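Trainee: structure for this input, please:
(chains A and B)
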Amino acid sequence: MTNKDLAELLYPNVTKTIEDYEKMYPERNLTENSMVTRFAPSPTGRVHMGNLFASFIPQVFAKQSNGVFILRIEDTDGKRAIENGIELILDDLKNYNYQIDENPIDGGNYGPYIQTERKEIYDCFAKYLVSIGRAYPCFCSEDDLEEMRKEQEEKKERIGYYGKYAKCRNLTYEEVKKHIDNGDKFVIRLKSLGDFNKKIIFKDLIKGTIELPENDLDQVLIKSDGIPPYAFAHVVDDHLMRVTHITRDDSYISSVPYHIELWKAFGFKIPKYAHILPLCIKDGTTIRKISKRKDPEAAISFYHERGIPTEAIKLYFATLLNSNFEEWYLQNQDKSYEDFTFTFNKMSTSGSLFDLEKLLNISKNYISKLTKDEVYDNLSKWASIYDHDFYDLITKYEDYTKEVLNIEREQKKPRKDYASYSDIKNQTFYMYDELYNPKEYDWGNITDREEIKKILTLYMEKYFDISDKDIWFDKIKKLTEELGYSSNMKEYKENPDKYKGSVADISTVIRVAVTSKSMTPDLYAIMKLLGKNRVQKRIDKITEK
RNA sequence: GGCCAGUUGGUGAAGUGGCUUAACACACUGCCCUUUCACGGCAGCAUUCAUGGAUUCGAAUUCCAUACUGGUCACCA
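Mentor: Reported below is the predicted structural model:
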């Protein structure tokens, strides 16, 4: 009996051949440098920062090379899948404007994109390996394997199903048939030709040349439930989907020799591998891979709630991805990260620490460069979900809010007050009567109540003028002089004893009376927007007390 | 335990044998600008690249050993 007969015995219903599938999924018609990449998560929940970063990479490379980016769902482990897992992942990725050319929901010509829907394809490929003598059925039970493991541990030998421990490797056709007729469960295993004492050398796009021992383990190709584990599935899928560049977590690196053996067994062209380092986080003194369960800041909802722009997060990813990006971006402020050419060899070979501080800084710069309309739109989108009261307020006063947001914006050196949209309310509350209800005033140098009243009363009676910024400040200077303060800061600093105080003190009093805060953006812009009546009311509140 | 990788300031890092008395950015500190704050400008912040040894006229960069960190050794991905 031949291997072909064995293949027929195991897979009597598989009639298609690999050639049939190759015809169904032909080579893609792309230019030579175009990359076909993919992100292949398990549907175990919402995307977190680690995933988002991991998917950013293949997406960027596909896009910048006019290639194809695929989302494939690896749900071969039924135990871990959750309901709606696929929709949630796709939603999250689309929220970041990732261009996903092929995915389970919108489809594509190289699907299905869900592994459990590809069972008949895997069967065909497994049947092929059996038919050429590179795979065989294994009827060992979990107990058998456990026993084997114990023996290996005792003898201090390598653990695994290989060499003399691969009991089912030499089963005869008759023995197999007896098991099958019996209805015994089985897995399909690779008949490995590797030698653990020999080395295999391969080139990783990020880590460079790596030398590892060959695989000699008869790994499981098809589980007893008929579904393949990751390794076999990814080879079949990436080949049929014509993936050119496999980006994946660096923890796979030690199984590359096995994967290469698989590619070679089929005789397929091996795609390029790029093993990426995970995002890390500092946990006390140790640095470890970011974890969905332990780290609240790993959840992307954390950033959404705070109102950190998705663009800022992508900019941060870009700086982590290629260390030379940051400098380039600094010199090309008007450009998008998509105009930058990312390369694999500029990627870090050690895990990068996720730094919220840095993210916030990038976000601050990003928001500062937006126009008032853009900020307003983003703010309103954010507030409509996370702050309904504020949303109602800014919607009611849309044009006014835009002007508030425009204070010292849309100029060469815009203010960088907001790192996130949730910062805005706390920093602009005094621009809204509905939010302005000061309990305390943060007075500066002048604390004498009567003096404050005197300054404010005189100001409103004689010097208030918001027709023009220069005039406005000239009047404040006049007020300053009339009260015996210095209107010239240089002079005041040279002879502070000659005066009661300076124009800075007077300005502060007005500023605090109007906003309750001693630190604000341009006071003139604030007063201009508030208008005389509201300024008068706020000042009355203090002078009348 | 076997195998693999990594180790440059508080942080992300540049750096591939002389241009490095280690770039750039974040953070921090000080000064300047300034009606406050912010912005901006300037300056400071690793004499040293985990440790020890070797090669070399010359090493963060090459080699060897040690230490530490991470990964991996499933019918999980």
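
Trainee: burial count for the spatially closest residue to A:Leu353 that is not a sequence neighbour?
Mentor: The shortest distance from A:Leu353 to any non-neighbouring residue, by Cβ to Cβ, 6 or more residues apart in numbering, is to A:Cys280 (5.1 Å). Heads up, the C-betas are built off the backbone N, CA and C, glycines and all. Close neighbours of A:Cys280, defined as other Cβ atoms under 10 Å, add up to 17.

Trainee: okay, and the beta partners of A:Cys280?
Mentor: A:Lys289, A:Leu353 (DSSP bridges).

Trainee: touching, it and A:Ser291? I think so.
Mentor: No: judged on Cβ atoms under 8 Å, A:Cys280 makes no contact with A:Ser291 at a distance of 10.1 Å.

Trainee: where do the helices sit along the stretch 401-545 of chain A?
Mentor: Remark: helices assigned in the stretch 401-545 of chain A by DSSP state H, counting those that start in this stretch are A:422-428, A:449-458, A:469-482, A:489-494, A:503-515, A:523-543.

Trainee: please apply the same query to the stretch 251-400 of chain A.
Mentor: With helices called from DSSP H, counting those that start in this stretch, the stretch 251-400 of chain A shows them at A:256-266, A:300-306, A:310-321, A:325-331, A:356-368, A:372-386, A:388-396, A:398-405.

Trainee: the stretch 101-250 of chain A now?
Mentor: Along the stretch 101-250 of chain A, counting by DSSP H, counting those that start in this stretch, helices occupy A:119-131, A:142-154, A:173-182, A:230-240.

Trainee: list the contacts for A:Leu359?
Mentor: A:308, A:312-313, A:316 (Cβ atoms under 8 Å, 6 or more residues apart in numbering).

Trainee: which stretch in the helices of the stretch 101-250 of chain A is the model least sure about?
Mentor: Among the helices of the stretch 101-250 of chain A, helix A:142-154 carries the lowest mean pLDDT, a mean of 88.

Trainee: re the thing from before, among the helices of the stretch 401-545 of chain A, show me which one is buried the most.
Mentor: Among these, helix A:503-515 has the highest mean neighbour count (mean count of other Cβ atoms under 10 Å), at a mean of 21.

Trainee: now do that helix against helix A:523-543, angle only.
Mentor: 70 degrees (axes from the mean of the first three to the mean of the last three Cα atoms, to 10 degrees).

Trainee: gap between helix A:503-515 and the chain center?
Mentor: Its chain's average C-alpha position is 44 Å from that of helix A:503-515, according to Cα atoms, centre = their mean, to the nearest Å.

Trainee: just stretch A:538-545 next, same as before
Mentor: Distance of stretch A:538-545 from its chain centroid, counting by Cα atoms, centre = their mean, is 50 Å.

Trainee: just the CA atoms of it, as PDB, please.
Mentor: Output of stretch A:538-545 as PDB, limited to C-alpha atoms (Å, rounded to 0.1, in the frame of the first residue of the first chain):
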ATOM      1  CA  ARG A 538     -18.000  89.300  36.700                       C
ATOM      2  CA  ILE A 539     -16.200  92.400  38.100                       C
ATOM      3  CA  ASP A 540     -19.300  93.600  39.800                       C
ATOM      4  CA  LYS A 541     -19.500  90.400  41.700                       C
ATOM      5  CA  ILE A 542     -16.100  91.200  43.300                       C
ATOM      6  CA  THR A 543     -16.500  94.900  43.800                       C
ATOM      7  CA  GLU A 544     -19.900  94.600  45.400                       C
ATOM      8  CA  LYS A 545     -18.800  92.100  48.000                       C
END
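
Trainee: ok, A:Val404 touching A:Ala525?
Mentor: No: A:Val404 is beyond contact range of A:Ala525, at 9.0 Å (criterion: Cβ under 8 Å).

Trainee: domain parsing for chain A?
Mentor: A:4-13+A:121-276, A:281-368, A:372-422, A:449-543 (automatic domain parsing).

Trainee: rank these by mean pLDDT and give me the bottom one.
Mentor: domain A:281-368 (a mean of 83).

Trainee: now look at it and say if it contacts RNA strand B.
Mentor: Yes: Domain A:281-368 reaches RNA strand B (Cβ under 7 Å from any atom of the strand) through A:286-289, A:319-320, A:323-324, A:326-327, A:330, A:345-346, A:348-353, A:355, A:357-358, A:361.

Trainee: for the record, mean pLDDT for stretch A:85-100?
Mentor: In this model, stretch A:85-100 has a mean pLDDT of 90.

Trainee: show me the strands in the stretch 1-150 of chain A, by range?
Mentor: For the stretch 1-150 of chain A, applying DSSP state E, counting those that start in this stretch gives strands covering A:36-39, A:68-71, A:135-138.

Trainee: wait, which of these is closest to RNA strand B?
Mentor: Counting by Cβ to the nearest atom of the strand, RNA strand B lies closest to strand A:135-138 out of the strands of the stretch 1-150 of chain A; the figure is 7.5 Å.

Trainee: so that closest one, near RNA strand B or not?
Mentor: No: Strand A:135-138 is not in contact with RNA strand B by Cβ under 7 Å from any atom of the strand; minimum separation 7.5 Å.

Trainee: in its sheet, what does that strand sit against?
Mentor: Strands that pair with strand A:135-138, judged by DSSP bridges, come out as strand A:187-190 (antiparallel).

Trainee: which residues outside the partner strand are in contact with it?
Mentor: By Cβ under 8 Å, 6+ apart, strand A:187-190 touches A:10, A:126, A:129-130, A:134-138, A:161, A:166, A:168-169, A:218-224, A:261-262, A:265.

Trainee: buried ones only from the residues you listed, please, as a PyMOL command.
Mentor: This is the PyMOL syntax for the buried subset of the contacts of strand A:187-190, where burial follows 16 or more other Cβ atoms under 10 Å:
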select buried, chain A and resi 10+126+129+130+134+135+136+137+138+161+166+168+169+218+219+220+221+222+223+261+262+265
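
Trainee: quick check: closest non-adjacent residue to A:Trp328.
Mentor: Excluding the flanking residues, the one nearest A:Trp328 by Cβ to Cβ, 6+ apart is A:Phe340, at 5.7 Å.

Trainee: and A:Asp123, by the same measure?
Mentor: Leaving aside its chain neighbours, A:Asp123 sits nearest to A:Val14 (5.0 Å; criterion: Cβ to Cβ, 6+ apart).

Trainee: counting neighbours, what do you get for that neighbour?
Mentor: For A:Val14, the neighbour count with other Cβ under 10 Å is 17.

Trainee: with A:Asp497 instead?
Mentor: By other Cβ under 10 Å, 4 other residues sit near A:Asp497.

Trainee: contacts only, for it.
Mentor: Taking Cβ under 8 Å, 6+ apart as the test, A:Asp497 contacts no residue whatsoever.

Trainee: any idea how far the closest residue to A:Thr395 other than its chain neighbours is from A:Thr401?
Mentor: In this structure, A:Thr395 finds its nearest non-sequential neighbour in A:Ser380, 6.7 Å apart by Cβ to Cβ, 6+ apart. Here the criterion is Cβ to Cβ, to the nearest Å. By it, A:Ser380 lies 9 Å from A:Thr401.

Trainee: just A:Tyr441 next, same as before
Mentor: 25 Å.

Trainee: what's the closest non-adjacent residue to A:Tyr273?
Mentor: The spatially closest residue to A:Tyr273, leaving aside those adjacent along the chain, is A:Ile246, at 5.1 Å (Cβ to Cβ, 6+ apart).

Trainee: thought that neighbour was touching A:Lys272?
Mentor: Yes: between A:Ile246 and A:Lys272 there is a contact under Cβ under 8 Å: 7.0 Å.

Trainee: alpha carbons only: can I get stretch A:332-349 in PDB?
Mentor: As requested, the backbone C-alpha atoms of stretch A:332-349 are provided in PDB (Å, rounded to 0.1, in the frame of the first residue of the first chain):
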ATOM      1  CA  ASN A 332       8.100  68.200   7.500                       C
ATOM      2  CA  GLN A 333       5.500  69.400   9.900                       C
ATOM      3  CA  ASP A 334       2.900  69.900   7.100                       C
ATOM      4  CA  LYS A 335       3.200  66.300   6.000                       C
ATOM      5  CA  SER A 336       1.400  63.200   7.100                       C
ATOM      6  CA  TYR A 337       3.100  60.100   8.500                       C
ATOM      7  CA  GLU A 338       2.000  58.400   5.300                       C
ATOM      8  CA  ASP A 339       4.500  60.500   3.300                       C
ATOM      9  CA  PHE A 340       7.300  58.900   5.200                       C
ATOM     10  CA  THR A 341       9.000  55.800   3.900                       C
ATOM     11  CA  PHE A 342       9.200  53.200   6.600                       C
ATOM     12  CA  THR A 343      11.800  50.500   6.400                       C
ATOM     13  CA  PHE A 344      12.200  47.200   8.300                       C
ATOM     14  CA  ASN A 345      15.800  47.600   9.000                       C
ATOM     15  CA  LYS A 346      15.200  50.800  11.000                       C
ATOM     16  CA  MET A 347      12.900  48.900  13.300                       C
ATOM     17  CA  SER A 348      14.000  48.300  16.900                       C
ATOM     18  CA  THR A 349      15.400  44.900  17.800                       C
END
